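*Asks:* need a 3D model of the following:
(2 chains)
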There are 2 protein chains.
Amino acid sequence: MTQMQAAREGIITPAMRRVAEREGLPAETIRAGVAAGTIVIPANPAHGGLDPTGIGKGLRTKINANIGTSSHYPDPQAELAKLRVALEAGADTVMDLSTGGDLDLSRRLIVRASPAPVGTVPIYQAAVEALARHGSIVAMTADEMFEVIERQAADGVDFMTVHCGVTLSTIERLRHSGRITDIVSRGGSFLTGWMLYHGRENPLYAEYDRLLEIAARHDVVLSLGDGLRPGCLADATDRAQVAELLVLGELVERARERGVQVMVEGPGHVPLNQVTTNVRLEKSLCREAPFYVLGPLVTDVAAGYDHIAAAIGGAVAAAAGADFLCYVTPAEHLGLPTLEDVREGVIAARIAAHAADVAKGVPGAAEWDREMARARKALDWERQLELALDPERARRRRAERNPPGTRECSMCGEFCAMALVGRFLGRPQGAC
Amino acid sequence: MTQMQAAREGIITPAMRRVAEREGLPAETIRAGVAAGTIVIPANPAHGGLDPTGIGKGLRTKINANIGTSSHYPDPQAELAKLRVALEAGADTVMDLSTGGDLDLSRRLIVRASPAPVGTVPIYQAAVEALARHGSIVAMTADEMFEVIERQAADGVDFMTVHCGVTLSTIERLRHSGRITDIVSRGGSFLTGWMLYHGRENPLYAEYDRLLEIAARHDVVLSLGDGLRPGCLADATDRAQVAELLVLGELVERARERGVQVMVEGPGHVPLNQVTTNVRLEKSLCREAPFYVLGPLVTDVAAGYDHIAAAIGGAVAAAAGADFLCYVTPAEHLGLPTLEDVREGVIAARIAAHAADVAKGVPGAAEWDREMARARKALDWERQLELALDPERARRRRAERNPPGTRECSMCGEFCAMALVGRFLGRPQGAC
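*Replies:* Residues are numbered from 1 along each chain as shown, chains lettered A, B, ... in the order given. The predicted structure follows:
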């Protein structure tokens, strides 16, 4: 039974109970959300050592960190190090997007090492194997695609991006869309190439029931990929993108009918004034399915700082109802991220998610800020550093720029407003 | 004559002409905005070598970088280095907030070295001098406050933060507001201390006409400071803050009557769902006076990364109509910023400002992103690096993570969607 099937039969599974505990919510709330499809719990029973996490309506906004080898950097050990850094920095899930070296090995190592849910994009491995086996990506067969999906599910992958909405019809819309960047999704580009080469429909769409059968059997959460997501601001919210979203909405319903947990992926590159519209559109067209956004980046020109462009878009998206933010690192658009990029990416996404959680009233979110405010007012440095989103960084920066034992910081020194005002107003002061 | 007085007489000054040229707008548009008070041009005639910049409605969102000594770091040369870094990184203005060492010297050096408008908070110097002269901040006299303002204006300071809205009445509201952090504005805290000690009204409010007279004579833009700005999310948009804003709105009108250019400062720490409200409220209560926000920070817990928390708030604020963003550096809440902090702070604020400019349709803003999108589609790396907001950083990061001469980047390698798709769709490809 999938979590969704159990929820519909009124069963509160251990995974639901754990999610409830982590969120500080009643288990029944989680069960009802999973039954309705507004919450997903990516928890493949074959993923040993998993600590389940919920994604969706009413829950804390979650963060995903993409890791994985590429042909230039095929070493799985480097990606295991990124896994550790991502989890330490507070990522809720990781996706293994490996395309270089031994893909089965790197995935199995990552699943084994990760207590957090692990996602993949199986079409990457299918493409890499097709290139090796047949000499070209487009030579892959539909059976090979499904075989990889099955293999990854059996390995314990908790959620999978499947670009089922890239269809002959949506590609036709794309042709006439006047886009600048056409397709920027790797999975979307492989499938588009395949369809145009063979003149056949996308197998992940044409044989969607076959996909649902595998997902149901392993309780893999399907993450319906946005293969036609905009790759620049100018392409955002166009007919190609929305045509794909219409298809994804239909596929959400079919998944739910089959008892398969499902979420929907979203852009990408979106002007700030279109971010909320994109979230509302997904929630409406996809019947409140959890929305997983990549960024979105609110400008195309921030290469080297795309984690900041994504934090802006992600915060606004999550405040409007997006449930799950894929991090973007400072290396985006430039190269494969380093360990430090991974850390920075996770932290930036957590800032966005937390700002949104305060804005949308997730229980407990505002209390963290209130605690910090009290520690600031009291000039209680130890408590401020403990409460910082990244205590290690805050501690190091404070130490670097302040003599030990100073009560104020070196920004204002003896002219610290916090220190001055309490006395004037006759307020009780902690450390002052 | 101030820029505003000239504008009202139908005169297009050289400063207005230069602002028009930099914005790509008709000079008459700038003149009309200055006459109406929706645009300010901080351009003190005593500031030799100034290249005028406009701030306000319809113009590109501007960025300010705070620099200045503190008692722990009194060396003015270090602040001159920050000035250079801030301007190189793209700051539109700087504020000298020095409180350590020889304040007249550091201000004069900064004004002389800066082609960008320079702002100050004169009450800082008044407080520092009072402490040296009388042994306490509250012992300063009203005459001493105005003498410092006059001295700084004569030195060529282009805009000044003056906390005129911290009045006996607004402080009374603050007392009953149940705030966690009371006052976090240094200027606000000095004046509050002064008023409570002497039991007298704030001289900057009580003798506002005296202030206007100095501002008119030197054509200094008054930046009406928010001494009661919230210092944490929980304190945002409370009665104390809004009471002060009501006073500032009245003072905007009095400045305009006198022909003095004026803008209004805003928070601070604001939950994401209250940012737009804060901007709309200022625009309404202060009759479309340019709005200068500090951040706002959308969470209190991001010490070490407050430039990111500020970029989120600043982007949303500017998209809603804020005109001028004060940068926040990664050192905020921890200590005085380093050179690298200054750079990071300016860049983060520029990302926010540019994202907002695209969203609010500032002429030319979206075209930059479109150019970048075209360069990406063409895999034209040289052009991508040129177009990056920080070309030097983008170039270095690309070089570090990619072998020279590679067409794709090491993120996707041979599986680059950009490279694959053009061929499938029969699109013309640049570098491919």
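
*Asks:* nearest spatial neighbour of the closest residue to chain B within the stretch 101-250 of chain A, chain-adjacent residues omitted?
*Replies:* Of the stretch 101-250 of chain A, the residue with the smallest distance to chain B, taken as CB to the nearest CB, is A:C232 at 3.3 Å. In short, each C-beta sits where N, CA and C put it, glycine included. Distances taken as CB to CB, 6 or more residues apart in numbering or on different chains place B:A373 nearest to A:C232, at 3.3 Å, with adjacent residues excluded.

*Asks:* that's a helix at that neighbour, yeah?
*Replies:* Yes: B:A373: assigned to a helix according to DSSP: H, G, I helix; E, B strand; the rest coil.

*Asks:* who touches it in this structure?
*Replies:* Residues touching B:A373, when contacts are defined by CB atoms under 8 Å, 6 or more residues apart in numbering or on different chains, comprise A:I180, A:T181, A:G231, A:C232, A:L233, A:A234, A:D235, A:D300.

*Asks:* cutoff 6 Å now
*Replies:* Taking CB atoms under 6 Å, 6 or more residues apart in numbering or on different chains as the criterion, B:A373 is in contact with A:I180, A:T181, A:C232, A:A234, A:D300.

*Asks:* same question for A:A355.
*Replies:* A:A315, B:L272, B:V298, B:T299, B:I312.

*Asks:* I figured A:R393 was touching B:G304, is that so?
*Replies:* Yes: shown here, A:R393 and B:G304 form a contact pair, counting by CB atoms under 6 Å, at 4.1 Å.

*Asks:* between these two, which is the more surrounded one?
*Replies:* The residue with more neighbours, out of A:R393 and B:G304, is B:G304; 24 against 20, by other CB atoms under 10 Å in any protein chain shown.

*Asks:* just the pLDDT for A:R423.
*Replies:* Confidence per residue is given as pLDDT, and for A:R423 that number is 68.

*Asks:* A:A331 now?
*Replies:* Residue-level confidence at A:A331 comes out at 95, pLDDT.

*Asks:* and it, what is it in contact with?
*Replies:* Applying CB under 6 Å, 6+ apart, one finds that A:A331 lies in contact with A:P337, A:D341.

*Asks:* residues from the stretch 1-150 of chain A in reach of chain B?
*Replies:* Along the stretch 1-150 of chain A, the residues adjacent to chain B under the rule CB under 6 Å from any CB of the partner chain are A:S70, A:S71, A:H72, A:T99.

*Asks:* among the residues you listed, which two are most distant?
*Replies:* In these, two members sit farther apart than any others by CB to CB. They are A:H72 and A:T99, at 10.0 Å.

*Asks:* okay, these two: which has more neighbours?
*Replies:* Between A:H72 and A:T99, counted using other CB under 10 Å, the more crowded position is A:T99 (24 against 20).

*Asks:* where does pLDDT dip in chain A?
*Replies:* Across chain A, the ranges flagged by pLDDT under 70 are A:423-432.

*Asks:* all strands of it, in order?
*Replies:* A:39-40, A:55-56, A:62-67, A:93-96, A:118-120, A:159-162, A:221-224, A:262-266, A:291-294, A:324-326 (DSSP state E).

*Asks:* sorry, back to before: closest to B:L174 out of the residues of the stretch 1-150 of chain A next to chain B?
*Replies:* In terms of CB to CB, no member of the residues of the stretch 1-150 of chain A next to chain B lies closer to B:L174 than A:S70, at 56.0 Å.

*Asks:* just the ones in helices from the contacts of B:A373, please.
*Replies:* When DSSP state H defines the helices, the subset of these inside them is empty.

*Asks:* thinking again about what came up before, for the residue of the stretch 101-250 of chain A closest to chain B, the count of nearby residues, please.
*Replies:* For A:C232, the count of nearby residues is 23 (other CB under 10 Å).

*Asks:* show me what contacts it?
*Replies:* Contact partners of A:C232, counting by CB under 6 Å, 6+ apart, are A:I180, A:T181, A:H269, A:D300, B:A373.
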